[in-house]
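# Quick one: sequence plus predicted model below, questions after.
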Amino acid sequence: MRKVMTADDVLSILAVLRNADVDIWIGGGWGIDALVGERTRLHRDLDLMHREDQEPDVVAALADAGFVETLDWRPVRFVVTDPHDREIDLHPLVFAADGSAVQASPDAEHPFAYPASCFVTGTILGATVPCLSPEQQVYFHQGYEPADHDRHDMARLRETFGITSHF
């Protein structure tokens, strides 16, 4: 059975990456909980965006913390897992001079866009953490049939920020 990714796990992973002097942002369910300012559901993994040019340092820091690569779907994403089954889903971003970024997508003609304004902060256990904006979270929750946790996450964004989502 897969271990649940706790708030303490997230903060310890962020500390490892902060010590490696790399830039990361939390997306997915933990990113939404960071925006809301509290854990609203259980999470099985942690989604992190990172600068593609810092990827060797990200991978090395996580390897030193016991994480090994378990899935490689580069350039779109890759996954690392530690001996406790904590899983991190990593998404490489290529930044432009204006602070915006793109991430490769399965459709090479249509990469995922990250406007400069989507890189914000939230809180986990009272600690300020880098994450993606509510609007960016909604952007990533389009074009697929949502699972129950997706519906839950979008409801939290609607309740907290008055943001519109398509489900």
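Sure, I can see it. Numbering: from 1, shown residues only.
# which element follows the longest strand belonging to the chain toward the C-terminus?
Counting residues, the longest strand found in the chain (DSSP state E) is strand 87-95. Downstream of strand 87-95, the first helix or strand assigned by DSSP states H and E is strand 101-103.
# Quick one: neighbours of the closest residue to residue 146 other than its chain neighbours, just the number.
Closest residue in space to residue 146, ignoring its immediate chain neighbours: residue 167 at 5.1 Å, by C-beta to C-beta, 6 or more residues apart in numbering. No exception for glycine: its C-beta is placed from N, CA and C like everyone else's. For residue 167, the count of nearby residues is 10 (other C-beta atoms under 10 Å).
# Distance of residue 167 relative to residue 76?
Distance of residue 167 to residue 76, given as C-beta to C-beta, to the nearest Å: 23 Å.
# Can you pull out the low-pLDDT segments for this structure?
In the predicted model of the chain, residues 1-2 satisfy pLDDT under 70.
# Other residues contacting stretch 23-32?
Applying C-beta atoms under 8 Å, 6 or more residues apart in numbering, the contact partners of stretch 23-32 are 5, 10, 14, 17, 34, 40-41, 43, 45-51, 54, 58, 89, 91, 119, 122, 124, 129-132, 136-137, 140, 149, 153, 156-157.
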